[in-house]
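Trainee: Fold the following for me, if possible:
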Amino acid sequence: MVADNSQFPADVYKDTVLAPLFDGSKVHFIGDLMRINFAHGVMLAEQDICAAEAMTKILAALRRIEGELDPEAMAYSGDFEDLFFYVEGELTKQLGADLAGMLHTGRSRNDMDHTVFKMQLKRRLASLLGRLGELIDILEGVASRNRDTLVVAYTHGQPAQPTTYGHYLAAFIEVLLRDFGRLLHAAGALDLCSMGAAAITTTGFAINRERMADLLGFAQAQENSYGCIAACDYITGVYSAMQVMFINIGRFVQDLNQWTGFENGQLTVPNAYVQVSSIMPQKRNPVPVEHLRLISSLGAGHCATIINVMHNTPFTDMNDSEGEVQIAGYGAFDTAERALALLAGLVGAVKIDEERVRQQMEKSCITITELADSLVRVEGISFRQAHGVSGVLARHVVDTGSRLSQVKFEAFVKAFGDQIGRPPKLSESEFRRLLTPEHFIAVRERPGGPGAAALKASLAGYRATLAGLRGEANKLNQSMAAADARLRAAVDRYVTAHT
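Mentor: Got it, this is the predicted structure:
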(Lines give C-alpha, C1' and ligand atoms only; values in the text may rest on other atoms or scores of the structure.)
Protein backbone atom coordinates (compact mmCIF):
# COMPACT_ATOMS: atom_id res chain seq x y z
CA MET A 1 0.00 0.00 0.00
CA VAL A 2 1.41 3.41 -0.99
CA ALA A 3 1.62 5.93 1.85
CA ASP A 4 -0.36 9.16 1.45
CA ASN A 5 2.17 11.96 1.79
CA SER A 6 -0.12 14.76 0.64
CA GLN A 7 -1.54 15.60 4.06
CA PHE A 8 0.24 16.58 7.29
CA PRO A 9 1.20 14.63 9.23
CA ALA A 10 2.55 11.69 7.26
CA ASP A 11 1.62 8.46 9.03
CA VAL A 12 5.21 7.49 9.79
CA TYR A 13 5.97 10.97 11.17
CA LYS A 14 2.83 10.86 13.28
CA ASP A 15 3.62 7.42 14.67
CA THR A 16 7.34 7.88 15.31
CA VAL A 17 7.53 11.53 16.41
CA LEU A 18 4.31 13.43 17.01
CA ALA A 19 2.31 10.78 18.87
CA PRO A 20 5.13 9.84 21.29
CA LEU A 21 5.80 13.53 21.97
CA PHE A 22 2.13 14.19 22.59
CA ASP A 23 1.86 11.21 24.94
CA GLY A 24 4.86 12.41 26.94
CA SER A 25 3.75 16.02 26.96
CA LYS A 26 0.25 15.30 28.25
CA VAL A 27 1.78 13.46 31.23
CA HIS A 28 4.53 15.92 32.10
CA PHE A 29 3.72 19.35 30.67
CA ILE A 30 -0.03 19.94 30.65
CA GLY A 31 -0.19 21.48 34.14
CA ASP A 32 2.56 24.01 33.50
CA LEU A 33 1.24 24.78 30.03
CA MET A 34 -2.08 25.76 31.62
CA ARG A 35 -0.28 27.88 34.24
CA ILE A 36 1.44 29.78 31.45
CA ASN A 37 -1.88 30.28 29.65
CA PHE A 38 -3.48 31.73 32.77
CA ALA A 39 -0.48 33.94 33.59
CA HIS A 40 -0.18 35.24 30.04
CA GLY A 41 -3.88 36.04 29.92
CA VAL A 42 -3.71 37.99 33.19
CA MET A 43 -0.65 39.89 31.99
CA LEU A 44 -2.21 40.77 28.61
CA ALA A 45 -5.26 42.20 30.38
CA GLU A 46 -3.22 44.09 32.96
CA GLN A 47 -1.12 45.62 30.17
CA ASP A 48 -4.26 46.60 28.21
CA ILE A 49 -3.01 44.56 25.28
CA CYS A 50 -6.30 42.65 25.28
CA ALA A 51 -9.63 44.01 26.44
CA ALA A 52 -10.66 43.04 29.95
CA GLU A 53 -14.02 41.68 28.80
CA ALA A 54 -12.42 39.47 26.18
CA MET A 55 -9.78 38.16 28.57
CA THR A 56 -12.43 37.41 31.19
CA LYS A 57 -14.08 35.04 28.71
CA ILE A 58 -10.73 33.49 27.81
CA LEU A 59 -9.73 32.92 31.45
CA ALA A 60 -13.11 31.45 32.28
CA ALA A 61 -12.88 29.12 29.31
CA LEU A 62 -9.39 28.06 30.33
CA ARG A 63 -10.74 27.12 33.74
CA ARG A 64 -13.40 24.97 32.18
CA ILE A 65 -10.86 23.29 29.95
CA GLU A 66 -8.52 22.71 32.89
CA GLY A 67 -11.32 21.06 34.86
CA GLU A 68 -12.25 18.80 31.96
CA LEU A 69 -8.75 17.71 30.91
CA ASP A 70 -8.17 13.99 31.30
CA PRO A 71 -4.64 13.13 30.15
CA GLU A 72 -5.34 9.40 30.21
CA ALA A 73 -8.21 9.85 27.78
CA MET A 74 -6.29 12.19 25.46
CA ALA A 75 -5.18 10.24 22.40
CA TYR A 76 -3.14 11.74 19.58
CA SER A 77 -5.19 11.89 16.40
CA GLY A 78 -3.05 14.06 14.15
CA ASP A 79 -5.73 16.77 14.06
CA PHE A 80 -3.39 19.03 16.01
CA GLU A 81 0.39 19.11 15.78
CA ASP A 82 1.10 19.05 19.51
CA LEU A 83 -0.27 19.69 23.00
CA PHE A 84 -0.20 23.49 22.58
CA PHE A 85 -2.43 23.33 19.52
CA TYR A 86 -4.66 20.77 21.22
CA VAL A 87 -5.39 23.21 24.07
CA GLU A 88 -5.80 26.08 21.62
CA GLY A 89 -8.24 23.89 19.71
CA GLU A 90 -10.28 23.28 22.86
CA LEU A 91 -10.31 27.02 23.52
CA THR A 92 -11.43 27.67 19.94
CA LYS A 93 -14.32 25.23 20.32
CA GLN A 94 -15.62 27.29 23.24
CA LEU A 95 -14.89 30.83 22.07
CA GLY A 96 -14.31 30.81 18.33
CA ALA A 97 -11.01 31.29 16.54
CA ASP A 98 -10.82 35.09 16.78
CA LEU A 99 -11.38 35.37 20.52
CA ALA A 100 -9.37 32.27 21.39
CA GLY A 101 -6.50 33.51 19.20
CA MET A 102 -6.06 36.63 21.36
CA LEU A 103 -4.36 34.55 24.04
CA HIS A 104 -1.33 33.92 21.84
CA THR A 105 -0.59 37.65 21.42
CA GLY A 106 3.07 38.44 22.06
CA ARG A 107 4.27 34.90 22.69
CA SER A 108 5.50 31.80 20.88
CA ARG A 109 5.66 28.10 21.50
CA ASN A 110 9.42 28.69 21.82
CA ASP A 111 9.33 30.79 24.98
CA MET A 112 6.47 28.70 26.35
CA ASP A 113 8.38 25.45 25.87
CA HIS A 114 11.54 26.59 27.61
CA THR A 115 9.51 28.06 30.45
CA VAL A 116 7.66 24.77 30.91
CA PHE A 117 10.92 22.83 30.83
CA LYS A 118 12.44 25.08 33.49
CA MET A 119 9.37 24.76 35.71
CA GLN A 120 9.53 20.98 35.43
CA LEU A 121 13.25 20.85 36.23
CA LYS A 122 12.81 23.22 39.18
CA ARG A 123 10.16 20.97 40.67
CA ARG A 124 12.23 17.82 40.22
CA LEU A 125 15.39 19.48 41.46
CA ALA A 126 13.64 20.70 44.60
CA SER A 127 12.54 17.13 45.33
CA LEU A 128 16.03 15.78 44.67
CA LEU A 129 17.61 18.33 47.02
CA GLY A 130 15.13 17.34 49.71
CA ARG A 131 16.12 13.68 49.36
CA LEU A 132 19.82 14.55 49.30
CA GLY A 133 19.42 16.56 52.50
CA GLU A 134 17.77 13.57 54.18
CA LEU A 135 20.71 11.34 53.21
CA ILE A 136 23.20 13.85 54.61
CA ASP A 137 21.19 13.97 57.84
CA ILE A 138 21.41 10.19 58.19
CA LEU A 139 25.12 10.17 57.39
CA GLU A 140 25.77 12.89 59.95
CA GLY A 141 23.85 10.94 62.59
CA VAL A 142 25.80 7.74 61.89
CA ALA A 143 29.08 9.68 61.84
CA SER A 144 28.28 11.33 65.19
CA ARG A 145 27.50 7.98 66.78
CA ASN A 146 30.72 6.54 65.40
CA ARG A 147 33.20 9.30 66.18
CA ASP A 148 35.31 6.78 68.12
CA THR A 149 34.62 3.66 66.05
CA LEU A 150 37.90 2.56 64.50
CA VAL A 151 38.22 1.59 60.85
CA VAL A 152 41.13 0.89 58.52
CA ALA A 153 41.72 3.65 55.97
CA TYR A 154 43.06 2.47 52.63
CA THR A 155 45.27 4.09 50.02
CA HIS A 156 45.93 2.40 46.68
CA GLY A 157 43.83 -0.53 47.85
CA GLN A 158 46.14 -1.28 50.79
CA PRO A 159 45.74 -0.71 54.55
CA ALA A 160 47.25 2.70 55.30
CA GLN A 161 46.32 4.29 58.64
CA PRO A 162 43.69 4.03 61.35
CA THR A 163 40.84 6.47 61.34
CA THR A 164 37.30 6.43 62.63
CA TYR A 165 34.11 5.53 60.84
CA GLY A 166 32.81 8.98 61.73
CA HIS A 167 35.83 10.62 60.12
CA TYR A 168 35.46 8.50 56.99
CA LEU A 169 31.75 9.32 56.66
CA ALA A 170 32.51 12.99 57.25
CA ALA A 171 34.60 12.97 54.07
CA PHE A 172 31.60 11.68 52.13
CA ILE A 173 29.33 14.23 53.81
CA GLU A 174 31.62 17.00 52.57
CA VAL A 175 31.37 15.65 49.02
CA LEU A 176 27.57 15.46 49.18
CA LEU A 177 27.39 18.99 50.56
CA ARG A 178 29.37 20.14 47.54
CA ASP A 179 27.00 18.15 45.33
CA PHE A 180 24.11 19.96 47.03
CA GLY A 181 25.82 23.26 46.29
CA ARG A 182 26.42 22.34 42.64
CA LEU A 183 22.78 21.36 42.18
CA LEU A 184 21.64 24.52 43.92
CA HIS A 185 23.88 26.60 41.66
CA ALA A 186 22.34 24.86 38.63
CA ALA A 187 18.92 25.84 39.95
CA GLY A 188 19.90 29.48 39.47
CA ALA A 189 19.67 29.15 35.70
CA LEU A 190 16.30 27.44 36.06
CA ASP A 191 14.97 30.42 38.00
CA LEU A 192 15.18 32.74 34.98
CA CYS A 193 11.88 32.95 33.11
CA SER A 194 11.95 32.67 29.30
CA MET A 195 8.47 34.11 28.75
CA GLY A 196 8.48 37.25 26.67
CA ALA A 197 11.28 36.11 24.39
CA ALA A 198 8.53 34.97 21.98
CA ALA A 199 10.16 33.25 18.98
CA ILE A 200 13.62 34.64 19.80
CA THR A 201 13.58 38.51 19.64
CA THR A 202 10.71 39.48 22.00
CA THR A 203 7.73 41.34 20.53
CA GLY A 204 6.46 44.78 19.67
CA PHE A 205 3.59 44.39 22.14
CA ALA A 206 4.06 46.07 25.52
CA ILE A 207 4.24 42.83 27.48
CA ASN A 208 5.45 42.73 31.09
CA ARG A 209 8.13 40.05 31.34
CA GLU A 210 8.75 40.54 35.06
CA ARG A 211 5.06 40.09 35.79
CA MET A 212 5.11 36.77 33.94
CA ALA A 213 8.14 35.67 35.94
CA ASP A 214 6.39 36.62 39.17
CA LEU A 215 3.15 34.81 38.35
CA LEU A 216 5.04 31.63 37.40
CA GLY A 217 7.37 31.53 40.41
CA PHE A 218 10.66 32.59 38.82
CA ALA A 219 13.19 34.84 40.52
CA GLN A 220 13.29 37.10 37.46
CA ALA A 221 13.04 37.17 33.69
CA GLN A 222 16.04 35.93 31.73
CA GLU A 223 17.38 39.05 30.09
CA ASN A 224 18.57 38.23 26.59
CA SER A 225 15.69 36.97 24.48
CA TYR A 226 17.93 35.09 22.06
CA GLY A 227 19.52 33.26 24.96
CA CYS A 228 16.09 32.42 26.38
CA ILE A 229 15.54 30.19 23.35
CA ALA A 230 19.03 29.22 22.23
CA ALA A 231 20.97 28.72 25.48
CA CYS A 232 20.65 25.21 26.88
CA ASP A 233 23.05 25.58 29.78
CA TYR A 234 20.12 25.41 32.18
CA ILE A 235 19.78 21.79 31.01
CA THR A 236 23.45 20.83 30.85
CA GLY A 237 24.12 22.58 34.17
CA VAL A 238 21.55 20.45 35.98
CA TYR A 239 22.59 17.15 34.44
CA SER A 240 26.30 17.86 34.81
CA ALA A 241 25.84 18.46 38.53
CA MET A 242 23.72 15.33 38.82
CA GLN A 243 26.30 13.27 36.94
CA VAL A 244 29.03 14.35 39.36
CA MET A 245 26.74 13.37 42.25
CA PHE A 246 26.18 9.90 40.78
CA ILE A 247 29.92 9.46 40.27
CA ASN A 248 30.62 10.48 43.86
CA ILE A 249 28.01 8.07 45.19
CA GLY A 250 29.42 5.28 43.03
CA ARG A 251 32.92 5.76 44.44
CA PHE A 252 31.62 5.58 48.01
CA VAL A 253 29.63 2.46 47.14
CA GLN A 254 32.79 0.84 45.78
CA ASP A 255 34.32 1.21 49.24
CA LEU A 256 31.24 -0.41 50.79
CA ASN A 257 31.68 -3.28 48.36
CA GLN A 258 35.30 -3.75 49.41
CA TRP A 259 34.57 -3.38 53.11
CA THR A 260 31.85 -6.05 53.03
CA GLY A 261 34.09 -8.59 51.28
CA PHE A 262 35.01 -11.72 53.25
CA GLU A 263 38.73 -10.97 53.16
CA ASN A 264 38.17 -7.45 54.49
CA GLY A 265 35.00 -7.76 56.48
CA GLN A 266 35.18 -4.56 58.48
CA LEU A 267 31.59 -3.70 57.53
CA THR A 268 28.71 -5.99 58.48
CA VAL A 269 25.45 -5.86 56.53
CA PRO A 270 22.32 -6.96 58.45
CA ASN A 271 20.14 -9.79 57.20
CA ALA A 272 17.48 -7.39 55.90
CA TYR A 273 19.95 -6.33 53.20
CA VAL A 274 21.45 -9.77 52.44
CA GLN A 275 20.41 -12.26 49.79
CA VAL A 276 21.41 -15.92 49.88
CA SER A 277 22.80 -18.10 47.16
CA SER A 278 20.50 -20.59 45.45
CA ILE A 279 23.21 -23.27 45.68
CA MET A 280 25.84 -22.24 48.26
CA PRO A 281 24.41 -22.29 51.82
CA GLN A 282 27.27 -20.32 53.34
CA LYS A 283 26.91 -17.26 51.09
CA ARG A 284 25.74 -13.90 52.45
CA ASN A 285 25.46 -11.63 49.44
CA PRO A 286 25.06 -7.91 50.27
CA VAL A 287 23.60 -7.32 46.82
CA PRO A 288 22.00 -3.93 47.67
CA VAL A 289 25.56 -2.61 47.49
CA GLU A 290 25.84 -3.91 43.94
CA HIS A 291 22.44 -2.47 43.08
CA LEU A 292 23.58 0.89 44.39
CA ARG A 293 26.61 0.73 42.13
CA LEU A 294 24.39 -0.23 39.20
CA ILE A 295 21.79 2.46 39.91
CA SER A 296 24.53 5.10 40.23
CA SER A 297 26.02 4.04 36.91
CA LEU A 298 22.60 4.11 35.24
CA GLY A 299 21.97 7.57 36.66
CA ALA A 300 25.30 8.87 35.41
CA GLY A 301 24.47 7.34 32.03
CA HIS A 302 21.09 9.10 31.89
CA CYS A 303 22.86 12.40 32.58
CA ALA A 304 25.55 11.71 30.00
CA THR A 305 22.86 11.04 27.40
CA ILE A 306 21.30 14.47 27.92
CA ILE A 307 24.65 16.25 27.93
CA ASN A 308 25.79 14.42 24.79
CA VAL A 309 22.58 15.32 22.95
CA MET A 310 23.42 19.00 23.57
CA HIS A 311 26.96 18.55 22.24
CA ASN A 312 27.76 20.26 18.96
CA THR A 313 24.23 21.54 18.40
CA PRO A 314 23.62 25.00 16.91
CA PHE A 315 23.17 27.99 19.19
CA THR A 316 19.58 28.62 18.17
CA ASP A 317 16.08 27.19 18.50
CA MET A 318 16.24 23.42 17.97
CA ASN A 319 14.31 20.30 18.80
CA ASP A 320 17.41 18.66 20.31
CA SER A 321 16.80 20.50 23.59
CA GLU A 322 13.04 20.17 23.72
CA GLY A 323 10.31 17.71 24.66
CA GLU A 324 11.87 14.36 23.84
CA VAL A 325 15.21 15.00 25.51
CA GLN A 326 13.53 16.71 28.47
CA ILE A 327 11.38 13.65 29.13
CA ALA A 328 14.36 11.33 28.67
CA GLY A 329 16.22 13.31 31.30
CA TYR A 330 13.57 12.74 33.93
CA GLY A 331 14.83 9.17 34.19
CA ALA A 332 17.95 10.57 35.87
CA PHE A 333 15.80 12.13 38.59
CA ASP A 334 13.85 8.91 39.11
CA THR A 335 17.12 6.99 39.38
CA ALA A 336 18.57 9.54 41.80
CA GLU A 337 15.57 9.23 44.09
CA ARG A 338 16.07 5.44 44.17
CA ALA A 339 19.81 5.70 44.80
CA LEU A 340 19.54 8.23 47.61
CA ALA A 341 16.73 6.35 49.34
CA LEU A 342 18.54 2.98 49.17
CA LEU A 343 21.84 4.47 50.28
CA ALA A 344 20.19 6.20 53.24
CA GLY A 345 18.58 2.93 54.34
CA LEU A 346 21.77 0.90 53.93
CA VAL A 347 24.10 3.34 55.67
CA GLY A 348 21.67 3.58 58.56
CA ALA A 349 21.70 -0.22 58.95
CA VAL A 350 25.28 -1.42 58.47
CA LYS A 351 27.71 -1.78 61.38
CA ILE A 352 31.46 -1.83 61.77
CA ASP A 353 32.93 -5.15 62.94
CA GLU A 354 35.27 -3.65 65.52
CA GLU A 355 36.99 -6.92 66.38
CA ARG A 356 37.75 -7.57 62.71
CA VAL A 357 39.07 -4.03 62.37
CA ARG A 358 41.52 -4.50 65.24
CA GLN A 359 42.75 -7.74 63.73
CA GLN A 360 43.37 -5.99 60.42
CA MET A 361 45.19 -3.14 62.14
CA GLU A 362 47.42 -5.53 64.07
CA LYS A 363 48.41 -7.54 61.01
CA SER A 364 48.95 -4.53 58.74
CA CYS A 365 51.05 -2.41 61.17
CA ILE A 366 49.08 0.70 60.19
CA THR A 367 49.68 2.49 63.50
CA ILE A 368 53.41 2.55 62.97
CA THR A 369 53.36 5.95 61.25
CA GLU A 370 52.53 7.48 64.61
CA LEU A 371 55.43 5.62 66.24
CA ALA A 372 57.73 7.34 63.76
CA ASP A 373 56.08 10.73 64.40
CA SER A 374 56.32 10.23 68.17
CA LEU A 375 59.97 9.29 67.99
CA VAL A 376 60.65 12.63 66.31
CA ARG A 377 58.89 14.48 69.14
CA VAL A 378 60.12 12.37 72.07
CA GLU A 379 63.61 11.35 70.95
CA GLY A 380 64.53 14.51 69.06
CA ILE A 381 65.59 12.68 65.89
CA SER A 382 64.72 13.43 62.26
CA PHE A 383 61.66 11.89 60.65
CA ARG A 384 63.87 10.02 58.19
CA GLN A 385 65.71 8.40 61.12
CA ALA A 386 62.43 7.62 62.86
CA HIS A 387 61.05 6.18 59.63
CA GLY A 388 64.06 3.86 59.44
CA VAL A 389 63.55 2.55 62.99
CA SER A 390 59.82 2.02 62.47
CA GLY A 391 60.37 0.38 59.09
CA VAL A 392 62.62 -2.27 60.70
CA LEU A 393 59.82 -3.14 63.13
CA ALA A 394 57.19 -3.28 60.38
CA ARG A 395 59.30 -5.62 58.29
CA HIS A 396 59.85 -7.82 61.35
CA VAL A 397 56.08 -8.13 61.89
CA VAL A 398 55.44 -8.98 58.24
CA ASP A 399 58.34 -11.43 58.00
CA THR A 400 57.38 -13.31 61.18
CA GLY A 401 53.65 -13.25 60.52
CA SER A 402 53.08 -11.78 63.98
CA ARG A 403 51.24 -8.68 65.12
CA LEU A 404 52.53 -5.25 66.01
CA SER A 405 51.38 -5.52 69.61
CA GLN A 406 53.45 -8.72 69.93
CA VAL A 407 56.74 -7.06 68.98
CA LYS A 408 59.19 -7.41 71.85
CA PHE A 409 60.38 -4.16 73.35
CA GLU A 410 63.92 -5.46 73.03
CA ALA A 411 63.48 -5.63 69.25
CA PHE A 412 62.57 -1.94 69.25
CA VAL A 413 65.55 -1.06 71.45
CA LYS A 414 67.88 -2.94 69.11
CA ALA A 415 66.43 -1.34 65.98
CA PHE A 416 66.69 2.10 67.57
CA GLY A 417 70.29 1.53 68.66
CA ASP A 418 71.30 0.20 65.25
CA GLN A 419 69.80 3.21 63.48
CA ILE A 420 70.52 6.04 65.93
CA GLY A 421 73.56 4.81 67.83
CA ARG A 422 72.12 5.16 71.31
CA PRO A 423 69.35 3.61 73.42
CA PRO A 424 65.86 5.17 73.28
CA LYS A 425 64.40 7.34 76.04
CA LEU A 426 61.00 5.65 75.68
CA SER A 427 59.83 3.22 78.35
CA GLU A 428 58.18 -0.02 77.32
CA SER A 429 54.76 1.12 78.51
CA GLU A 430 55.07 4.35 76.50
CA PHE A 431 56.23 2.36 73.48
CA ARG A 432 53.14 0.15 73.72
CA ARG A 433 50.83 3.15 74.08
CA LEU A 434 52.28 4.82 70.99
CA LEU A 435 51.38 1.77 68.92
CA THR A 436 47.67 1.84 69.78
CA PRO A 437 45.10 3.11 67.28
CA GLU A 438 43.48 5.13 70.07
CA HIS A 439 46.67 7.17 70.47
CA PHE A 440 47.00 7.48 66.70
CA ILE A 441 43.54 9.07 66.52
CA ALA A 442 43.81 11.12 69.71
CA VAL A 443 46.83 13.17 68.59
CA ARG A 444 45.31 14.04 65.19
CA GLU A 445 43.37 17.07 66.31
CA ARG A 446 44.26 19.33 63.43
CA PRO A 447 41.20 20.80 61.64
CA GLY A 448 39.58 18.10 59.56
CA GLY A 449 41.33 15.28 61.38
CA PRO A 450 39.79 12.28 63.17
CA GLY A 451 40.60 13.49 66.69
CA ALA A 452 37.53 13.82 68.90
CA ALA A 453 37.42 17.62 69.10
CA ALA A 454 38.35 18.14 65.45
CA LEU A 455 35.72 15.73 64.20
CA LYS A 456 33.05 17.14 66.49
CA ALA A 457 33.77 20.61 65.12
CA SER A 458 33.64 19.34 61.54
CA LEU A 459 30.27 17.67 62.02
CA ALA A 460 28.85 20.78 63.64
CA GLY A 461 30.07 22.78 60.65
CA TYR A 462 28.44 20.37 58.23
CA ARG A 463 25.13 20.68 60.05
CA ALA A 464 25.32 24.45 59.76
CA THR A 465 26.26 24.27 56.08
CA LEU A 466 23.37 21.92 55.35
CA ALA A 467 20.95 24.20 57.16
CA GLY A 468 22.04 27.11 54.97
CA LEU A 469 21.80 25.08 51.76
CA ARG A 470 18.39 23.78 52.75
CA GLY A 471 17.19 27.31 53.35
CA GLU A 472 18.15 28.23 49.79
CA ALA A 473 16.65 25.03 48.38
CA ASN A 474 13.38 25.60 50.22
CA LYS A 475 12.98 28.85 48.33
CA LEU A 476 12.45 26.82 45.16
CA ASN A 477 9.38 25.09 46.58
CA GLN A 478 8.19 28.22 48.35
CA SER A 479 8.48 30.39 45.24
CA MET A 480 6.51 27.91 43.15
CA ALA A 481 3.80 27.46 45.80
CA ALA A 482 3.52 31.20 46.38
CA ALA A 483 3.34 31.85 42.65
CA ASP A 484 0.53 29.32 42.25
CA ALA A 485 -1.41 31.15 44.94
CA ARG A 486 -0.72 34.53 43.32
CA LEU A 487 -1.77 33.24 39.93
CA ARG A 488 -5.02 31.75 41.22
CA ALA A 489 -5.80 34.97 43.07
CA ALA A 490 -5.04 37.10 40.01
CA VAL A 491 -7.32 35.02 37.83
CA ASP A 492 -10.02 35.07 40.52
CA ARG A 493 -9.83 38.82 40.91
CA TYR A 494 -9.83 39.45 37.22
CA VAL A 495 -12.69 37.15 36.37
CA THR A 496 -14.75 38.36 39.33
CA ALA A 497 -14.09 42.04 38.65
CA HIS A 498 -15.08 41.88 34.99
CA THR A 499 -18.11 39.58 35.03
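Trainee: could you say what helices and strands the biggest helix by length in the chain packs with?
Mentor: For the chain, the helix reaching the highest residue count under DSSP state H is reported as helix 452-497. Counting contacts by 3 or more Cβ pairs under 8 Å, 6 or more residues apart in numbering; DSSP states H and E, helix 452-497 packs against helix 30-46, helix 52-68, helix 109-145, helix 165-190, helix 209-216. Where you see a C-beta, it was placed from the backbone N, CA and C, and this is true even at glycine.
Trainee: Look up phi and psi at Asn264.
Mentor: phi -90, psi -70 (degrees, to the nearest 10).
Trainee: isn't it right up against Leu256?
Mentor: No. Asn264 lies out of contact with Leu256 (Cβ atoms under 8 Å); the separation is 10.6 Å.
Trainee: how about His396, what does it touch?
Mentor: Going by Cβ atoms under 8 Å, 6 or more residues apart in numbering, His396 touches 402, 407, 411, 415.
Trainee: who touches Phe333 in this structure?
Mentor: With Cβ under 8 Å, 6+ apart, Phe333 has these contacts: 124-125, 127-128, 242.
Trainee: ugh, typo on my part, it should be Phe22
Mentor: Contacts of Phe22 by Cβ under 8 Å, 6+ apart are 74, 76, 82-83, 86.
Trainee: picking that back up, so for Asn264 and Leu256, which sits in the more crowded spot?
Mentor: Leu256 (21 against 17; other Cβ atoms under 10 Å).
Trainee: roughly how far apart are the more buried one and Leu59?
Mentor: 55 Å (Cβ to Cβ, to the nearest Å).
Trainee: cool, and Val491?
Mentor: Distance from Val491 to Leu59, counting by Cβ to Cβ: 5 Å.
Trainee: So for the two, which residues contact both of them?
Mentor: 38, 41-42.
Trainee: Pull out the buried residues from the strand or helix carrying Gly101.
Mentor: Assessed by DSSP states H and E, Gly101 sits inside helix 97-101. Buried residues in helix 97-101, counted by 16 or more other Cβ atoms under 10 Å: 99-100.
Trainee: Give me the contact list for it.
Mentor: 54, 57-58, 61, 88, 91-92, 94.
Trainee: Can you go through those and name the buried ones?
Mentor: 54, 57-58, 61, 88, 91-92.
Trainee: Output these in a markdown table; the columns should cover distance to Lys425 and pLDDT.
Mentor: Formatted as a markdown table, the buried ones among the contacts of helix 97-101 follow (distance: Cβ to Cβ, whole Å; pLDDT from 0 to 100):
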| residue | distance to Lys425 | pLDDT |
| --- | --- | --- |
| Ala54 | 97 | 94 |
| Lys57 | 96 | 94 |
| Ile58 | 92 | 95 |
| Ala61 | 93 | 95 |
| Glu88 | 90 | 94 |
| Leu91 | 92 | 95 |
| Thr92 | 96 | 96 |
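Trainee: so which of those residues comes closest to Asp214?
Mentor: Closest approach to Asp214 among these (Cβ to Cβ): Ile58, at 20.1 Å.
Trainee: Verify the stated contact: that closest one with Gln94.
Mentor: No. Using Cβ under 8 Å as the test, Ile58 is too far from Gln94 to be in contact (9.3 Å).
Trainee: all strands for the stretch 301-450 of the chain, in order.
Mentor: 351-352 (DSSP state E, counting those that start in this stretch).
Trainee: hang on, the earlier thing: quick check, nearest of the contacts of Phe22 to Leu177?
Mentor: Using Cβ to Cβ, the contacts of Phe22 come closest to Leu177 at Leu83, 39.0 Å.
Trainee: With distance to Arg356, neighbour count and pLDDT as extra columns, can I get the contacts of His396 in JSON lines?
Mentor: Listed next are the contacts of His396 as JSON lines, based on distance: Cβ to Cβ, whole Å; neighbours: other Cβ atoms under 10 Å; pLDDT from 0 to 100:
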{"residue": "Ser402", "distance to Arg356": "18", "neighbour count": "14", "pLDDT": "82"}
{"residue": "Val407", "distance to Arg356": "21", "neighbour count": "21", "pLDDT": "87"}
{"residue": "Ala411", "distance to Arg356": "27", "neighbour count": "14", "pLDDT": "90"}
{"residue": "Ala415", "distance to Arg356": "29", "neighbour count": "20", "pLDDT": "91"}
